[in-house]
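Visitor: Any chance you could fold what I've pasted below:
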Amino acid sequence: MAETLTVIDMHTGGEPLRIVTAGYPKLPKSTILEKRAYVRDRLDHLRKILIFEPRGHFDMYGAVLVEPDLPGADLAVLFMHNEGYSTMCGHAIIALGRYAVDYGIVAKVDPVTTVHIECPCGMVVASVEVRDGKSGGVSFESVPAFLFARDQSVELPGFGLISFDVAYGGAFYALADCNQFGLEFGRNAAGEFVRAATTLTEAVKDAVQIDHPDHKDLAFLYGSILTDGADDWNEAPTKNACIFADGQLDRSPTGSGVTARLAAMHARGQIHEGNARIFESIVGSRFAGFIASKTKAGEFDAITARVSGRAYYSGRAEYIVEDDDPLGQGFLVP
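Guide: Modelled structure (predicted):
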C-alpha cells in the first residue's frame, strides 16, 4: 500500500463509522453505483485493510467519500462493511451530516444546516442542528421506502415456520417478530439474535425474488431485522436488532432499518403521518422516526421517513501496511 490511510472514527448509537479522509485513490468519473462496482472489483483490498483486523473488527463499518455525480449533492459516499458495500446506511448519514458541518464541507447555518448526501440508493438530505456554532443532533429524510412482500413464511431448521415481511428503506430487509424464534430482548444473548436472523436471511434469499424499480444493483437482501412485535403505533419505544451483511450486528437501531420498518407499518395501517415512534437497539440506543411524506416507487405505494439520532467522535488515526507483514492486508477470525 503506497499511501497512508487517514481516518476519523465516529459512532452513532454505538455503531462505529470509520470515515476515510486521505490516502484513498481518486475514482473515475461515473455514477455512484458504477463507483460502488469499481471499488468492489478493484479496490476491495483497501476495505479489508480498514475494516478487518488488526485495525478493525468483525462489526466495523466504514465510509469513503467520493466525488458526487448528482446535481446539488454536497458529498457522495460509499459504505463498507465486513462483506462488501451497502446501498444505504442511516447511522452513517447521521455521522456524516455532523462531520460535513464540522469539517467545512458545507457552511454552518444556525439553527439547522442542510447537507445533501448522495448514496448508492439516491440522494438523502440530512438536517444538522447547529447552536452557537456547535453541531448536535441530526435527522435525515430517506429515499422512497416501501413494503415489498407482505405476510410471507418460510420453514427454518430448528425454528419451524416463521412469518416475515420484506421491506425497503434504502436497502432490503426481512422483518420478523423475534418471539417466533423464542427470543426476547433483555433475556437472550446477542449471539442468539445473530444466529436466528442469519438463518432467516439465507432462507429468504432463496424464497423471495427481490426487485427494485430503479436499478438492479439495489435488488438484494441486505439482512434481517428481528423486532419485539410492537408494530402498532403507541408512545412506547419498540425494540429491534438488525443483522446485516455477513452476520454483522448493528449496535444502533439502524437508520435504513427504521425506514424499512416505518414503510411496512404504514402499508399495514399501523402508523400514520404525524405519529412519531422511538426505535431502540439491542444496546439500548434510540432513533426517532416518523412518516415524512407519501410517494411512489415505481408501482409501489411508498413513503419517505424522517429519522433522527446523534453521532459522536471517537478518534482519528493513520494506517499503514508494512511490506513484510503477513497479516497486514486484514483478516477475520472465523
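
Visitor: what kind of secondary structure is K35 in?
Guide: helix (DSSP: H, G, I helix; E, B strand; the rest coil).

Visitor: ranges for the helices of the protein?
Guide: 32-42, 44-51, 90-102, 190-207, 255-267 (DSSP state H).

Visitor: what's the spacing between the third one and its chain's center?
Guide: Relative to the chain's own centre, helix 90-102 is displaced by 13 Å; criterion: Cα atoms, centre = their mean, to the nearest Å.

Visitor: hang on, the earlier thing: deepest of the helices of the chain, which one?
Guide: helix 255-267 (a mean of 30; mean count of other Cβ atoms under 10 Å). Glycine gets a C-beta too; all of them are placed from N, C-alpha and C.

Visitor: If you compare the directions of it and helix 90-102, what angle comes out?
Guide: 120 degrees (axes from the mean of the first three to the mean of the last three Cα atoms, to 10 degrees).

Visitor: Pull out the C-alpha coordinates of helix 255-267 and format them as CSV.
Guide: The C-alpha trace of helix 255-267 is given here as CSV (Å, rounded to 0.1, in the frame of the first residue of the first chain):
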residue,chain,number,x,y,z
GLY,A,255,-31.4,4.1,10.1
SER,A,256,-32.3,2.3,6.9
GLY,A,257,-33.9,-0.5,9.0
VAL,A,258,-36.1,2.1,10.9
THR,A,259,-37.1,3.4,7.5
ALA,A,260,-38.0,0.0,6.3
ARG,A,261,-40.0,-0.7,9.4
LEU,A,262,-41.9,2.6,9.1
ALA,A,263,-42.7,1.7,5.4
ALA,A,264,-44.0,-1.7,6.5
MET,A,265,-46.0,-0.2,9.4
HIS,A,266,-47.5,2.4,7.2
ALA,A,267,-48.5,-0.1,4.5
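
Visitor: phi, psi of the residue nearest in space to the middle of the chain?
Guide: Centroid-nearest residue in the chain, with Cα atoms, centre = their mean: C89, separated by 2.6 Å. Main-chain torsions, C89, degrees, to the nearest 10: phi -150, psi 110.

Visitor: My guess is it contacts V64. True?
Guide: No: with contacts counted by Cβ atoms under 8 Å, C89 stays clear of V64, the gap being 12.0 Å.

Visitor: Fine by me, thanks again.
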